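[1] Model the structure of this input:
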Amino acid sequence: MNDQSKPGSAKSKLSRTLVVEVARVTEAAAIASARWTGRGNVKAADKAAVDAMRRELGDVSIRGTVVIGEGEMDEAPMLYIGEKLGTGDGPEVDIAVDPLEGTTLCAKDMPNALAVLAIAEHGGLLHAPDMYMDKIAVGPGYSAGVVDLDNSVEDNLNALAKAKGVKVNEITACILDRARHAKLIEDVRKVGASVRLITDGDIAGVVWTTDPAETGIDIYMGSGGAPEGVLAAAVLRCIGGQMQGRLLPSNEEETARARTMGIEDINKKFELEDMAAGDVMFAATGITDGSLLDGVRFHNDFAETETIVMRAKTGTVRRIKTQFRRIGHRFVG
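    Predicted structure coming up:
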């Protein structure tokens with residue numbers, strides 16, 4: 001990684017005004033999918049978010065290529081990997097999207113459903129195939145290599161506790177509540193640390209590690225979607241922290257797909273800057289209420305959203321409350 005791609009570089013091609021545009025994209029997706037909150041229709045909620053996000057991205061002054069999307073072209077008619085978006089003017093960028101992070105959370109009106117988007121300078125985001133990825137992440141403030149995917153659970157938790165200056169029984173790990181994590185959960189508890197299980201939404205789980213005093217989460221561990229791993233890495237690229245990931249293909253077809261996307265070593269341990277490098281912008285808007293953001297609020301004549309926007313170059317984090325006035329059947333901001 002050369003110095004021109006580090007935060008604070010004057011060489012970034014991304015303009016300051018683009019920060020506002022990425023927020024508008026996630027706000028539109030959140031409002032569209034929030035209409036389906038609690039209705040039990042996962043596909044309708046996801047489609048609403050996808051359609052709104054694609055429409056808004058089409059008006060942004062970029063030459064964008066989707067590198068993390070809803071699937072490949074034959075699987076997803078919109079926001080598919082390789083799709084070109086934007087007006088065709090402005091910088092060439094990579095786009096990573098999760099229009100509805102936590103489809104089940106939205107459908108069941110559970111906490112922490114988000115609309116998520118990351119934009120980076122061309123070549124800045126890992127082209128990750130849609131498969132599982134083993135992940136480990138901690139927030140900022142620790143020496144490099146404090147945790148490592150190749151270390152045991154015990155070694156990682158003890159090292160983190162030592163770095164934090166606490167006993168291991170004061171460490172809390174965030175883990176997706178899945179049967180595949182039974183051994184991991186058992187190992188964490190055996191060391192003496194506690195576990196917070198989440199049903200969905202592992203992007204939020206990684207974000208929580210950046211502010212353990214507020215969230216109570218010190219470390220994220222376990223496997224989840226590789227696309228979500230890249231989006232989480234984009235967050236840490238903006239605000240600091242450490243993360244590693246390793247793809248977990250379940251068959252030869254997934255391995256072949258990874259290779260067609262440029263990943264020759266399927267066992268490669270990806271560091272944070274392998275997944276998100278250069279100047280990165282990240283935005284997330286709450287769909288349902290959560291520990292990170294408030295969800296969409298609908299009123300008689302307006303809708304209200306809360307969005308968090310981050311940028312790697314400056315390290316800035318903005319929280320934006322926005323009201324969108326109702327005009328006919330649409331909310332306009």
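
[2] Tell me where the stretch 101-250 of the chain has strands.
    For the stretch 101-250 of the chain, the strands identified by DSSP state E, counting those that start in this stretch occupy 114-121, 132-138, 172-176, 194-198, 219-225, 242-248, in order along the chain.

[3] relative to strand 132-138, how tilted is the last one?
    It stands for strand 242-248. Strand 242-248 and strand 132-138 meet at an angle of 170 degrees, taking axes from the mean of the first three to the mean of the last three Cα atoms, to 10 degrees as the criterion.

[4] Quick one: mean pLDDT over strand 242-248.
    When pLDDT is averaged along strand 242-248, the result is 98.

[5] right, and the helix or strand after that strand?
    Downstream of strand 242-248, the first helix or strand assigned by DSSP states H and E is helix 252-260.

[6] list the contacts for the spatially most central residue of the chain?
    With distances taken as Cα atoms, centre = their mean, the chain has residue 231 as the residue nearest its mean C-alpha position (3.2 Å). Shown here is residue 231, whose contacts under the criterion Cβ atoms under 8 Å, 6 or more residues apart in numbering are 68, 96, 98, 101, 116, 118, 203, 282. For every residue, glycine as well, the C-beta is placed using N, CA and C.

[7] What of residue 172?
    If a contact means Cβ under 8 Å, 6+ apart, then residue 172 has 193, 194, 195, 196, 212, 216, 217, 218, 219 as its contacts.

[8] Identify the residues contacting the nearest residue to it once chain neighbours are set aside.
    Excluding its sequence neighbours, the residue lying closest to residue 172 (Cβ to Cβ, 6 or more residues apart in numbering) is residue 194, at 4.8 Å. Neighbouring residues of residue 194 by Cβ under 8 Å, 6+ apart: 169, 171, 172, 173, 188.

[9] what's the closest of those to residue 50?
    When these are compared for distance to residue 50 (Cβ to Cβ), residue 173 wins out at 32.1 Å.

[10] what bits of the stretch 101-250 of the chain have low per-residue confidence?
    When the per-residue scores of the stretch 101-250 of the chain are filtered using pLDDT under 70, no range remains.

[11] thought residue 126 was touching residue 274?
    Yes - the pair residue 126 / residue 274 is scored as a contact, 6.2 Å apart, by Cβ atoms under 8 Å.

[12] between the contacts of residue 231, which is nearest residue 252?
    Closest approach between these and residue 252, by Cβ to Cβ: residue 68, at 22.6 Å.

[13] Residues in contact with stretch 175-186: which ones?
    Under the criterion Cβ under 8 Å, 6+ apart, residues 153, 188, 195-200, 202, 205, 220-224 lie in contact with stretch 175-186.

[14] Just the C-alphas of that stretch, formatted as CSV.
    What follows is stretch 175-186 as a C-alpha-only set of coordinates in CSV (Å, rounded to 0.1, in the frame of the first residue of the first chain):
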residue,chain,number,x,y,z
ILE,A,175,-21.1,-13.9,17.3
LEU,A,176,-23.9,-14.8,14.9
ASP,A,177,-26.4,-17.3,16.5
ARG,A,178,-25.8,-20.2,14.1
ALA,A,179,-25.4,-23.9,14.7
ARG,A,180,-22.1,-23.8,13.0
HIS,A,181,-20.8,-21.6,15.8
ALA,A,182,-21.6,-24.0,18.6
LYS,A,183,-17.9,-24.9,19.2
LEU,A,184,-16.8,-21.3,18.9
ILE,A,185,-19.3,-20.2,21.5
GLU,A,186,-18.3,-23.0,23.8
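
[15] ranges for the helices of the stretch 151-300 of the chain?
    Taking DSSP state H, counting those that start in this stretch, the helices of the stretch 151-300 of the chain run over residues 153-164, 182-191, 202-208, 212-215, 226-239, 252-260, 272-275.

[16] Show me how the record splits the protein into domains.
    Split into domains by automatic domain parsing, the chain comes to 3-125+280-332, 132-275.

[17] circling back to that earlier point, residue 126 and residue 274 - which one has more neighbours?
    Comparing residue 126 with residue 274 by neighbour count (other Cβ atoms under 10 Å), the higher total belongs to residue 126, at 29 against 16.

[18] Next, count neighbours for residue 104.
    Residues near residue 104, counting by other Cβ under 10 Å, number 15.

[19] now it, nearest residue through space, not along the chain?
    Using Cβ to Cβ, 6+ apart and skipping residues adjacent in sequence, the residue nearest residue 104 is residue 200, 5.4 Å away.
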